[in-house]
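# Model the structure of this input:
(chains A and B)
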Amino acid sequence: MTAALDASPPAAAVNALARRHRLRPLEALPWLAATAAFFVFPDYLPLGAQILINILFALSVDLILGYAGIATLGQAAFFGAGAYTAGLLAAHGWGEPISGLVIAGLVAGIIGLLSGAVILRTRSLTLLMLTLMIAVMLQEAANKAGSITGGADGLQGMSVWQVLGLFRFDLFGRTAYLYCLALLFLGWLAARQLVHSPFGRSLTGIRENEARMHAIGSPVFRRRLVIYAISAVMAGVAGALLAQTTQFVALEVLSFERSGSVLIMLIIGGVGRLYGAFIGVPLYMIAQDRFAQADPVYWDFWIGLLLIIVVLFARTGVLGLFEQLLRRWSPRR
Amino acid sequence: MSTALSAFVSIAFHGLAYAMVLYLISVGLSVTMGLMGFVNLAHGVFAAAGGYVMTRLMAGYGVPFPLAVAAAFIAAAAGGVVLERLLYRRLYGADDLAQVLMSVGLIFMSVATAKYLWGPLAQPMTPPSYLSGQVDLGFRSFPTYRSFLIVAGAVLVTLLWLGLERTRFGARVRAAVDNRRMAQSVGINTAGLFTATFALGSGLAGLGGALGAEILAIDPGYGLEHLVYFLIVVAVGGLGSIKGPFFAALLLGVADTGFKYLLPEFGAFFIYALTLAILLWRPQGLFGRA
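Sure thing, here's the model as predicted:
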């Protein structure tokens, strides 16, 4: 009996683990900042809504990449599927936004489930290629089915109704901003619950040591598939938000550039930390807004250089660097 | 000649020319991926660089075609050496994602650089007079330049196979692909081999980009636009092989030409679907080892 007592983990570790999923005061910061931005920068609300949408999209990538270790080059497939679903609904007489989001999320989730069921059986480069193939296939389908999707000209003629029958999408983007903020908050809550749940912990286990998870009887394939589908739903909702708030869907929502740029934003912020998206996306998009308008050519150059530097010297992103600094400055115990 | 047969001959001819270009560009990617396990999405950048060197030398300085093509090979190979030493080497053995992102960064920088130096438009490619026009083969005439592409491609493929099968360098490369640690322990300088292979692969891509400038137009977005096709050749062919990508390029070149000729309303959709099916059936590619 005493041996069992001795083997019990130290109280500090128990506390640290128990504290993990408790809300910390710092976690209110992004929401305070987003709310403050609404009042301080009324002229930049459309950009703000884009940022919020991309944070949700990046969060969906973080779930599979950061927690389950599934690298993807085709997350735009689900973003685009959600955008086109919401767009087509609104263009064909059903402009109710919230049910539009739900249906868009479901469609993206079903595509994620079906494609994941076949492609998640492969690994590394083959898996990367297959995620890319799914996205380029959808893009080519949307491009060629011009009579339905508008093809390269984009989907026009959407009319989105009032949110909850109360809030009209206004010219200044106030409703759009708050609508996106509310959805991002819900998405973040869900993601946070998910990664701290036993299911989420087992995903991290699969990422770190798949053989061991098999050995202890964890249904590895099913767990990877489930998180892939959940991530697809989230990406689909993000795409639908973009469609509804801009009332337009361009072919670009399915492009490799979109899959790539969301990865870049996430990497800059920090992968597998839940908050990487909240740092990386605003940094990237505000910088893009400032510099790319002046000269898109320079922007491509510097973002490429930044990416190489981040990959070579700061794999953990801004959040990782921040943690390192904190650790260095905090007194040793 | 019946129209169906004529269409078939056209598809086979143009598909073959296209396949040669795809193969020349992609074979280096296959070998470097198999050898170093590096997911180098920026491989198309070397092809674009070769294309720019050739078209600019010909249009801007009146350099003759053969010299310009040679310069394209040398410039791309030299660029390959520099980048391998500076950047790629640091990420050997890193995870796929890091390699993917680093190479995407390179693509972005190259797109911006090309736009800055040569503008956003495609570089016109005018074959020399002795390679333009049509060549008459008795039953039918074919465009001369594309016939030249097929012949040049076939010669290069043969040289490459002989080089890999019959020379000491080729034997070293094969040994390192098969078992890098073992190759290292018997005294093969794998680091040097990596650089040399990378340079050769980049050079061939430059050559392919230059020769193929008439089919795949040279513009700043080149490295990104055609990336999916290069990756298909490599993934379907199987990593580390030089035979696999050849058959994959043939398949892709002919099938793509055929689909776009017969079913233009579906674009590249069936090519992607076919790739998906092949990779699900054989995740290692048609000629890759499990």
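
# how about the residues of the stretch 1-150 of chain A that lie near chain B?
A:65, A:71, A:73, A:118-119, A:121-126, A:128-130, A:132-134, A:136-137, A:140-141, A:143-144 (C-beta under 8 Å from any C-beta of the partner chain). C-beta here means a position set from N, CA and C on the backbone, and glycine is covered the same way.

# Which residue, neighbours along the chain excluded, lies closest to B:F148?
What sits nearest to B:F148 in space, not counting adjacent residues and going by C-beta to C-beta, 6 or more residues apart in numbering or on different chains, is B:L131, at 5.3 Å.

# Mind checking which of the residues of the stretch 1-150 of chain A next to chain B are in helices?
Using DSSP state H, the subset of the residues of the stretch 1-150 of chain A next to chain B located in helices is A:118-119, A:124-126, A:128-130, A:132-134, A:136-137, A:140-141, A:143-144.

# From the residues you listed, keep the buried residues only.
Buried by 16 or more other C-beta atoms under 10 Å in any protein chain shown: A:119, A:125-126, A:128-130, A:132-134, A:136-137, A:140-141, A:143-144, out of those.

# Spatially, which two of the residues you listed are the most separated?
A:L125 and A:K144 (27.9 Å; C-beta to C-beta).

# ok, A:G239 to chain B distance?
Remark: distance between A:G239 and chain B (C-beta to the nearest C-beta, to the nearest Å) = 20 Å.

# list the helices and strands the helix or strand encompassing that residue packs on?
Counting by DSSP states H and E, the element that carries A:G239 is helix A:220-246. For helix A:220-246, the packing partners by 3 or more C-beta pairs under 8 Å, 6 or more residues apart in numbering or on different chains; DSSP states H and E come out as helix A:45-62, helix A:76-91, helix A:97-119, helix A:174-196, helix A:198-208, helix A:210-215.

# Let's see that with 6 Å instead.
helix A:45-62, helix A:76-91, helix A:97-119, helix A:174-196, helix A:198-208 (3 or more C-beta pairs under 6 Å, 6 or more residues apart in numbering or on different chains; DSSP states H and E).

# What segments of the stretch 101-250 of chain B are strands?
For the stretch 101-250 of chain B, the strands defined by DSSP state E, counting those that start in this stretch occupy B:134-136, B:141-143.

# quick one: which of those strands is nearest chain A?
Nearest to chain A among these is strand B:141-143 (27.7 Å), distances taken as C-beta to the nearest C-beta.

# Would stretch B:74-85 count as contacting chain A?
No - residues of stretch B:74-85 contacting chain A under C-beta under 6 Å from any C-beta of the partner chain: none, with a closest distance of 10.5 Å.

# how about that stretch: buried residues?
By neighbour count on 16+ other C-beta under 10 Å, the buried set for stretch B:74-85 is B:74-77, B:79-80, B:83-84.

# List of residues touching stretch A:205-222?
Contact with stretch A:205-222 is made by A:68-69, A:202, as judged by C-beta atoms under 6 Å, 6 or more residues apart in numbering or on different chains.

# rerun at 7 Å
A:67-69, A:120, A:202, A:223-224 (C-beta atoms under 7 Å, 6 or more residues apart in numbering or on different chains).

# In contact with the residue lying closest to A:G80 once chain neighbours are set aside, which residues are there?
Nearest residue to A:G80, sequence neighbours excluded (C-beta to C-beta, 6+ apart): A:L254, at 3.3 Å. With contact set as C-beta under 7 Å, 6+ apart, A:L254 has these partners: A:76-77, A:80, A:135, A:138-139, A:142.

# how near is A:L254 to B:M125?
31 Å (C-beta to C-beta, to the nearest Å).
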